[in-house]
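A.B. asks: I need the structure of the sequence given here:
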Amino acid sequence: MTTRRSASIRSFWRDSRADRYCRALHPVGVFFALVFFAMSMTPSLLPRAWYLQAVATGISVAIGYGVGCLLAWVVRICGVSPAWSEKWRRRGWWALAAAAVVMIPLFLVLGSWWQQIVRKLVGVEDPGRPLYVAVMLLSLVVAVAVLALGRVLRRATRALTRWGKQYVPRPVARIASVVVVALLVVFAVNGALIRGIVAVAEKSASAADRGNHDGVEKPTAEKLSGSDASNEEWDSLGQEGRRFVVSGSSPEEIADFTGRPAVQPIRVYAGVESADTVEGVAERVVAELRRTDAFSRAVLGVATTTGRGWVNESVAGPLEFLYDGNSAIASMQYSFLPSPMAFLADRQTPQDAGRALFEAVYEVWSELPEDARPKLVLFGESLGAYGGQDAFSGAQDMIARIDGALWVGNPNFTPQWARITDGRDAGSREILPVVDGGEHVRFAGSSGDLDIGGLWEEPRIAYWQHASDPIVWWSPDLILGRPDWLREPRGTDVDPGVQWFPFVTFWQLTFDQVFSTDVDDGHGHSYGADAVRMWADILEPPGWTDSDVERLYEKMAG
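C.D. replies: Modelled structure (predicted):
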């Protein structure tokens, strides 16, 4: 009875869709899928939520399967095609099954352990009991979905080849079919899908831009944009612009901290809808600078924002204290979208905005007598750093035209940053390059890294980047190329066990970016109070001692 029941089960399995699907799998592909599964569980720069880990693992498994099938195909067309007997085929599948039974639970546990190490390094709380089963199941669903999509595309290619070979030789038809299907996929993803997502996101972001953050109210100080004395209407500044202009410190707060008289810091801003072009918006910002007499201040900061118009208060605020409020900061909005969506939608506008704002300010500033104009400094974070640097042709151009800069969390696709990093002195690490001995340009993961010995000549340009920031280190080149920062000693907040794996590392860092700001300051893409020390080193404001700087750091960090 038991024998008949077992035979019946085996017969049912052989006739099932699952059996046909499994028989269609290539054993070499399955082997590589297991290897890629194991690699996907290894640590990367930041801890990942279980569902992001599952998606990264599922994509990696599907890619691993494809790599295995590709290698098997290459071997076959080279004339190597072993004729395995049914017995050895069965043994091979049993061996793969045994490997899966061992590897999958082993690397699920190891992956959880590695994630705990990364959490401790970047100050993230342990979420509790790991969801091993959920990671395994969701990654399987993702892998199957990706493989199914791949098979659909393969069938489409074969169908086009059958049709095309009626008119051209079969090899030509096959190549043409692959090209056509590839182009259709690119069009569907880049043209229809991404544009559709961006359109929905922009509509939603535009509506949200009319709202206010808690506690943000129209300013009464005349030196702030959006006040009754301003040329810029309060409602026109956008959600992040409104928060920026009122987030500065009052003269009373500055004087209470420094023990010296202080004046009202100037903050000017214009929203994206205040003019038809970014050049027009920039001109409105300059008009606000003229209205507030900002060009008579001791220091003038020009900040390029992220996509939605955000300026990091941790970077802007210290300037006002370091100069007793005798400062002005100018910025503008160029998009409604948050940086990830702005990156997908349009990489050109951030550069246009950064260049337009700087050139408009520089045109007025450069005409002033040298002894009667403020120090001109630039800063920007993430997409703001990317856009702000486009005003310059190179590091020497920056050095020639401004008095200092602090570029924070530069995306890997920032051309200026990439050129300067690639031209670093021999022997210096990619995460902390030394450029021309640190004469004018220096890199730092924390303020202490700026002190590399030797005289730091003015003007001083600082690039602030954390070794664990995936936005700085993510690049499509990770798919097939091992970067220098994964050949060299790791940063102090990066697990020494982080390694490069083809395809896998790319997806790990892709998903690391999702929660890259949800870590303690000093890690990931979270840049905070250490900006106080950075600015003090860049500008050396008069009357400030090291102990004063530390007191301000503690105030900002608190």
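A.B. asks: SS state for the closest residue in space to Glu240 that isn't next to it in sequence?
C.D. replies: Using C-beta to C-beta, 6 or more residues apart in numbering and skipping the chain neighbours, the partner closest in space to Glu240 is Gly309 (3.9 Å). Glycine gets a C-beta too; all of them are placed from N, C-alpha and C. Secondary structure assignment for Gly309 (DSSP: H, G, I helix; E, B strand; the rest coil): coil.
A.B. asks: I'd like the distance between Gly309 and Trp474.
C.D. replies: Counting by C-beta to C-beta, to the nearest Å, the gap from Gly309 to Trp474 is 23 Å.
A.B. asks: hang on, the earlier thing: tell me the pLDDT at the residue nearest to Glu240?
C.D. replies: Note on Gly309: pLDDT of 92.
A.B. asks: which ones are touching it?
C.D. replies: Contact partners of Gly309, counting by C-beta atoms under 8 Å, 6 or more residues apart in numbering, are Gly238, Gln239, Glu240, Gly241, Phe244, Gly271, Val272, Ser331, Met332, Gln333, Tyr334, Ser335.
A.B. asks: do that again at 10 Å, thanks
C.D. replies: Gly309 makes contact with 209, 237-244, 269-272, 331-338, 384, according to C-beta atoms under 10 Å, 6 or more residues apart in numbering.
A.B. asks: mind checking the backbone torsions on it?
C.D. replies: Main-chain dihedrals, Gly309, degrees, to the nearest 10: phi 100, psi 20.
A.B. asks: what does the one 5 residues further on give?
C.D. replies: Listed backbone geometry of Ser314 is phi -60, psi -30, with angles given as degrees, to the nearest 10.
A.B. asks: For it, which non-adjacent residue is closest in space?
C.D. replies: Looking at Ser314 with C-beta to C-beta, 6+ apart, the closest residue is Gly528, at 4.7 Å.
A.B. asks: hmm, back to that, ok, the residue nearest to Glu240 to Arg347 distance?
C.D. replies: 17 Å.
A.B. asks: The contacts of Gly309 in helices, which ones?
C.D. replies: Gln239, Glu240, Gly241, Arg242, Arg243, Phe244, Gly384 (DSSP state H).
A.B. asks: Tell me the one of those nearest Pro82?
C.D. replies: Gly384 (57.7 Å; C-beta to C-beta).
A.B. asks: isn't that closest one right next to Val408, touching?
C.D. replies: Yes - using C-beta atoms under 10 Å, Gly384 is in contact with Val408, at 8.0 Å.
A.B. asks: so what's in contact with these two at the same time?
C.D. replies: Asn312, Val315.
A.B. asks: who's more crowded, these two?
C.D. replies: A count of neighbours by other C-beta atoms under 10 Å puts Gly384 above the other of Gly384 and Val408, at 31 against 24.
A.B. asks: tell me the pLDDT at that one?
C.D. replies: 95.
A.B. asks: Show me what whichever strand or helix holds Glu279 is packed up against.
C.D. replies: Using DSSP states H and E, Glu279 sits in helix 278-291. If contacts are counted by 3 or more C-beta pairs under 10 Å, 6 or more residues apart in numbering; DSSP states H and E, helix 278-291 sits against strand 266-270, strand 299-304, strand 327-332, helix 348-365.
A.B. asks: This completes my enquiry, with thanks.
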